[in-house]
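**Q** turn this into a model:
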Amino acid sequence: MAAEVANKLDQLCLDEGKRDKQWRTGLVYDELMTQHRNPSSREHPEKPERITRIWNLLEEEGYVKRCKRIASRRATEEEIALQHKKSYVDRMSEVSSLDATELQRLSHSFDSIYLNSHTHEAALLSLGCTLALTQEVVEGKVQNGMAVVRPPGHHAEHGCAKGFCIFNNVAVAAKWAQIHYGVKKVLIVDWDVHHGNGIQHMFEHDPTVLYFSAHRYDYGHFYPCQPDANYDAVGKDGGAGFNINVAWNKAGMHDGDYLAAFHNILMPIAYEFSPDLVLVSCGFDAAEGDPLGRCCLTPAGYSHLLHKLMSLASGRVVVVLEGGYNLTSISKSAAACVGTLLGDPLLKLGVVYPSSSALESVKKTLQAHFPYWRCLKFISQPEAETWPNTSKQMMEQDILSDDAAVGVSNPSGEGLVEGATTAPVGVQAVTNSTEAQESCEGAAAAAAAASVDTSPPQSQTIGEMAANIMGFTSDQVTLYAVTPLTWCPHLSEVQPVPDGGLDVDAPCDDCGDVKECWVCLQCYKVLCGRFVHQHMLAHSAETDHHIVLSYSDLSVWCYGCDSYVHHACLYPAKQAAHFAKFQEPMPEYS
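**A** Okay, here's the model as predicted:
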């Protein structure tokens, strides 16, 4: 009997493999990109094993079989020239014909670049694979996907290579999608630990591309060491407000810090911007154990960040590998992200809290962007003179705590620390200035000697902590970390889902706009939200229908209570919308 059941299951699997199926997630990879390598050192951090180790783990975990394999291709000169000067494109096309001396001379003319005879070919594939995946997503052949590519791209400028990057993959993909597919608005999220100077410079005048980067800045002392990586670089001319930098000023930034930046800055602004496509400059060098980034993001942290982005642009998300130099960290983090793209349950994230340094950075970015975004009006504009810590004081604190904060990292730069967890509040400052300047090998010892507080604050909520950091009283500030109501008096209005289900691609009944549409859970009319033409808001005022469901992120809002709501009676509507959006049931309500 057992053998018969096993045979039937095998046959079902074979039949499924033959069936023309709708793929959810795409993957693109080409082993030829491994031929780009440092000719003088096999131990250079940007090495071929970065992508082979990721791909091997994706195969071992069964993710490759579950994804549509996208055919790799080379980018054309015309495509590269969308964001790079022709003189630079021509210069790089000659690399394969240069001898060793000429290659060395050319590489030394750039910042932090090595070249070999295969570099140009690998760079063409890296960009071409990114464009191939982007095409699959914008054409609707897959909903999302990951490009496992190298060399990375986000440091590359219009006219030069920089920081291990040859061509700016994500920047070219954004412009390419706009030109060839009419994509109007693109959100680029860069969580590489280094600032994506190239992407910023390519779009800082452009209001159709919103660039968000959370990166180590260290008061201008962390690569690429440019002042316009700071929070006050908001874009220029018509692009003012469309460049968002969250500048971390210390090592050891962890899941709670990044979630604070997403909750309070990125997601509110992203919903208002309402992108048609999301591109992720996906560096994993902020992961725990990375020898360059020296931060503490976990695979679970990355999966939660990515999951939030999947609520945007009708789920059209393209994830493109950037940095990441601990082979174990990048492999596990990439696997977590692919699982998230496929719709697997998120990895469990423990209780995390933003550090005081992170809240200081978040506060400064909010202050810089307060004039540009309506969604930020939920908070009183912080005045600079009310901030309790000067930059000099914060810098002194961060320099002292820098090495201690990375104590959970493996100083060998390889492998995740067994049992390591993210401290909610952080690590106490190392008071010995000699310890604070020690190399990565001495960081663990310095941290072990430091006092670690892993307990959550007992007397303050996160909002109160933020209020203290921002110089407000707790009744003057509410952070955008939303806690929905578990009940409201208007839930009785909710009517059963129509027999035909829900059409999550339906446009606004009044204006025909497809951006940020909501459905009324009483009459099931579809109308646009407050950041488009506010037709759903007007509908609620006219009809006293209060409960509405977002087709973007499947959240439910009550106009009567002016709050999000999460209740079991809303599950049928959410289930219907989830199935229409993703062609699979959502997890049971809990």
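**Q** phi, psi of the residue sitting nearest the centre point of the chain?
**A** Centroid check for the chain by CA atoms, centre = their mean gives V189 as the closest residue, at 4.8 Å. Here is the backbone geometry of V189 (degrees, to the nearest 10): phi -110, psi 120.
**Q** that one contacts L306, correct?
**A** No. Contact criterion CB atoms under 8 Å: V189 and L306 do not qualify, at 9.0 Å. Using the backbone N, CA and C atoms, a C-beta is placed for each residue, glycine as well.
**Q** coming back round to it: how about the residue nearest to the centre of the chain, what does it touch?
**A** By CB atoms under 8 Å, 6 or more residues apart in numbering, V189 lies in contact with F212, L266, V278, L279, V280, S281, L309.
**Q** and it, how far from N230?
**A** With distances taken as CB to CB, to the nearest Å, V189 is found 18 Å from N230.
**Q** same check on L527?
**A** 40 Å.
**Q** ok, and what's touching stretch 224-239?
**A** 111, 155, 162-163, 194-195, 197, 200, 203-207, 213, 215, 217, 220, 240-247, 361, 364-365, 367-369, 372.
**Q** quick check: phi and psi at T34.
**A** phi -80, psi -10.
**Q** list the contacts of it.
**A** Listed by CB under 8 Å, 6+ apart, the contact set of T34 reads P48, E49, I51, T52, A122, R150.
**Q** skipping adjacent residues, who's closest to E61 in space?
**A** What sits nearest to E61 in space, not counting adjacent residues and going by CB to CB, 6 or more residues apart in numbering, is A335, at 5.5 Å.
**Q** isn't the one you found right next to Y302, touching?
**A** No. Taking contacts as CB under 8 Å, A335 lies outside contact range of Y302: 9.9 Å.
**Q** start and end of stretch 37-54, how far apart?
**A** By CA to CA, to the nearest Å, the extent of stretch 37-54 from end to end equals 17 Å.
**Q** what do you get for stretch 318-332?
**A** Taking CA to CA, stretch 318-332 runs 19 Å from one end to the other.
**Q** distance between it and the chain's centre?
**A** 13 Å (CA atoms, centre = their mean, to the nearest Å).
**Q** wait, a helix at M202?
**A** Yes. Secondary structure of M202 (DSSP: H, G, I helix; E, B strand; the rest coil): part of a helix.
**Q** pull the contacting residues for it.
**A** Q83, H158, N168, A171, K175.
**Q** at 7 Å instead, please
**A** Q83, H158, N168, A171 (CB atoms under 7 Å, 6 or more residues apart in numbering).
**Q** can you check S126 too?
**A** M33, V149, R150, P151, G153, F167, N169.
**Q** of those residues - the most surrounded one?
**A** Highest neighbour count within the contacts of S126, by other CB atoms under 10 Å: N169, with 34 neighbours.
**Q** residue contacts, that residue?
**A** S126, L127, T130, V149, G153, V320 are the contacts of N169 under CB under 7 Å, 6+ apart.
**Q** among these, which ones are in strands?
**A** Of the contacts of N169, the ones assigned to strands by DSSP state E are V320.
**Q** for the contacts of N169, name the two members farthest from one another.
**A** L127 and V320 (9.7 Å; CB to CB).
**Q** more neighbours: those two, which one.
**A** More crowded of L127 and V320, by other CB under 10 Å: L127, with 33 against 28.
**Q** so what's that one closest to, chain neighbours aside?
**A** In space, L127 is closest to A75, 3.9 Å off (CB to CB, 6+ apart).
**Q** show me where this protein dips below the pLDDT cut-off.
**A** Applying pLDDT under 70 to the chain picks out residues 1-21, 378-483, 587-590.
**Q** and the longest helix for it?
**A** helix 119-138 (DSSP state H).
**Q** which outside residues touch the helix or strand that that one is followed by?
**A** Downstream of helix 119-138, the next assigned helix or strand under DSSP states H and E is strand 144-147. Here strand 144-147 makes contact (CB under 7 Å, 6+ apart) with 25-28, 70, 129-130, 133, 136-137, 310, 315-321, 337-338, 341.
**Q** strand partners (parallel or antiparallel) of strand 144-147?
**A** Neighbouring strands of strand 144-147 in its sheet, by DSSP bridges, are strand 25-28 (parallel), strand 317-321 (parallel).
**Q** mind checking which of the ones you listed is nearest E59?
**A** Of all the strands paired with strand 144-147, strand 25-28 comes closest under CB to CB, at 10.1 Å.
**Q** gap between that closest one and the chain center?
**A** So, by CA atoms, centre = their mean, the centroid of strand 25-28 is 17 Å from its chain's centroid.
**Q** same check on stretch 488-495?
**A** With CA atoms, centre = their mean, you get 35 Å for stretch 488-495.
**Q** follow-up on the earlier one: quick one: the residue nearest to L127 and C129 touch, right?
**A** No. Checked against CB atoms under 7 Å, the pair A75 and C129 is beyond contact range at 8.7 Å.
**Q** between the two, who's got more neighbours?
**A** Using other CB under 10 Å as the criterion, A75 and C129 rank with C129 on top: 27 against 24.
**Q** OK, contacts around the more buried one?
**A** Here C129 is in contact with V28, D30, S72, A147, V149 (CB under 7 Å, 6+ apart).
**Q** for the nearest residue to it once chain neighbours are set aside, grab the count of nearby residues.
**A** Residue nearest to C129 in three dimensions, not counting chain neighbours: V28, with 4.4 Å by CB to CB, 6+ apart. As a burial measure, V28 scores 27 neighbours (other CB under 10 Å).
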